[in-house]
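Q: Model the structure of this input:
(chains A, B, C and D)
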There are 2 protein chains.
Amino acid sequence: MENNENLKFESLYLKNQVCFPTYAVANKILRRYQPLLKELDLTYTQYITMMVMWEKRKVNEKDLVEALYLKANTLTELLKKLKKKGYIDIEKDKEDKRNIVIVLTDKGLALREKAVNIPSCIYQDHWLSDEEFILFKGLLDKMLKGNW
Amino acid sequence: MENNENLKFESLYLKNQVCFPTYAVANKILRRYQPLLKELDLTYTQYITMMVMWEKRKVNEKDLVEALYLKANTLTELLKKLKKKGYIDIEKDKEDKRNIVIVLTDKGLALREKAVNIPSCIYQDHWLSDEEFILFKGLLDKMLKGNW
DNA sequence: CTACATTATATCGTATACGACATATTTAAC
DNA sequence: GTTAAATATGTCGTATACGATATAATGTAG
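A: Got it, this is the predicted structure:
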């Protein structure tokens, strides 16, 4: 009887979840970034936003939302903060006045010189082997692209 | 020159990150759970807390914090909410009055009957194949246990 | 060419998460 | 045995994230 109950509710044990460790690892990653990013006066979400800006220099909010897999309302506040820090400018698209265009400032570009050391700091402690990292990233990218 | 710059800042491209897709997949997972959990009047973090309670029936806050890979202050508010909903009771440990003991109520246990269908709903859309899921979970568990 | 749908953002309310710091017990040191 | 260190929680302030809803601009149907 006790055994039957175990069987019935097996799918609800924490140790049998895939979503839970994904969530927990994501939290662990955010905690790890925080002290490093504090020196740049960036939060993690601000940092990945800046990554897009360093690469593209100029983007629609819509494109940013898609690149970061977030919702527009999450970015609204964040972009105001990055503007306040002087890393970006926020403009209206003259062609289509619904669009917001975000432009990297010189100060924002300069920040990249300080950020360039972060990835090696983050990945240096060998949480996984090189092969495992590649495998892991492949699975993640598949999940991100997947339509679920 | 342009090529040299690309090389120098390659590590800062979003597409070369491992942390970013982990974070993005975790967000995607949370969004997926939300409508299902709404029917149980639970958030995702409340749900994984209940998973521990369904299995253990009675735990220290400290053990809960360790099981969920969170910080104690994150759980304080959450436990108050679960108590308010009647799913748990919060007691002082008489042996060591620093400890808080969380106890599953009958109402909390009954909720498990409604929750038992959630895992199959969540995993049914084949984001990954069965083999990939096992692989993915193995990597996640390794990362969670890792000391970084 | 006007009413209605669509699109891109913004606002608001709720629920995390965390670090920094404070508090209450318990343990340990001398 | 008192004082100091360690442990377990709680409070506070900040920054996400999201759904629901509102608003403004553009597209489109008839």
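
Q: Now do the helices in chain A.
A: Assigned by DSSP state H, the helices in chain A fall at A:2-8, A:19-38, A:44-56, A:61-68, A:72-84, A:106-115, A:118-123, A:130-145.

Q: Quick check: buried residues in the last one?
A: Taking 16 or more other CB atoms under 10 Å in any protein chain shown as the neighbour-count basis, helix A:130-145 is seen to contain the buried residues A:E132, A:L135, A:F136, A:K137, A:L139, A:L140, A:K142, A:M143. For the C-beta atoms, the positions are set from N, CA and C on the backbone; glycine is no exception.

Q: need the helices of chain A in JSON lines with distance to B:L111 and mean pLDDT, can you?
A: Below are the helices of chain A laid out as JSON lines (distance: least, CB to CB, whole Å; pLDDT from 0 to 100):
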{"stretch": "helix A:2-8", "distance to B:L111": "15", "mean pLDDT": "74"}
{"stretch": "helix A:19-38", "distance to B:L111": "18", "mean pLDDT": "97"}
{"stretch": "helix A:44-56", "distance to B:L111": "33", "mean pLDDT": "98"}
{"stretch": "helix A:61-68", "distance to B:L111": "34", "mean pLDDT": "97"}
{"stretch": "helix A:72-84", "distance to B:L111": "30", "mean pLDDT": "97"}
{"stretch": "helix A:106-115", "distance to B:L111": "45", "mean pLDDT": "97"}
{"stretch": "helix A:118-123", "distance to B:L111": "39", "mean pLDDT": "93"}
{"stretch": "helix A:130-145", "distance to B:L111": "29", "mean pLDDT": "95"}
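
Q: For those, could you give me a markdown table that also reports distance to B:Y13?
A: Below are the helices of chain A laid out as a markdown table (distance: least, CB to CB, whole Å):
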| stretch | distance to B:Y13 |
| --- | --- |
| helix A:2-8 | 47 |
| helix A:19-38 | 17 |
| helix A:44-56 | 6 |
| helix A:61-68 | 11 |
| helix A:72-84 | 19 |
| helix A:106-115 | 11 |
| helix A:118-123 | 10 |
| helix A:130-145 | 13 |
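
Q: Looking at those, spot the one closest to A:E95.
A: Each of the helices of chain A has some distance to A:E95 by CB to CB; the shortest is helix A:61-68, at 13.4 Å.

Q: orientation of that closest one relative to helix B:19-38 in degrees?
A: Computed by axes from the mean of the first three to the mean of the last three CA atoms, to 10 degrees, the angle separating helix A:61-68 from helix B:19-38 equals 90 degrees.

Q: list the contacts for A:T43?
A: Contact analysis of A:T43 by CB atoms under 8 Å, 6 or more residues apart in numbering or on different chains lists A:Q34, A:L37.

Q: what's the closest of the buried residues of helix A:130-145 to A:Y44?
A: A:L140 (16.2 Å).

Q: In this structure that closest one contacts B:C19, no?
A: No. At 9.8 Å, A:L140 does not count as touching B:C19 under the criterion of CB atoms under 8 Å.

Q: picking up where we left off before, I'd like the buried residues of helix A:130-145 as CSV, with distance to A:P35 appended.
A: Below are the buried residues of helix A:130-145 laid out as CSV (distance: CB to CB, whole Å):
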residue, distance to A:P35
A:E132, 25
A:L135, 28
A:F136, 23
A:K137, 24
A:L139, 28
A:L140, 24
A:K142, 31
A:M143, 28
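
Q: wait, which of those residues is closest to chain B?
A: Set against chain B, the nearest of the buried residues of helix A:130-145 by CB to the nearest CB is A:L140 (3.8 Å).

Q: what's the nearest residue to the closest one if we skip its chain neighbours?
A: B:P21 (3.8 Å; CB to CB, 6 or more residues apart in numbering or on different chains).

Q: A:G138 is in contact with that neighbour, correct?
A: No. With contact defined as CB under 8 Å, B:P21 does not reach A:G138; the gap is 9.8 Å.

Q: for DNA strand D, what are the nearby residues on chain A?
A: Neighbours of DNA strand D within chain A, by CB under 7 Å from any atom of the strand: A:30, A:43-46, A:70-71, A:73-74, A:77-78, A:81, A:96-98.
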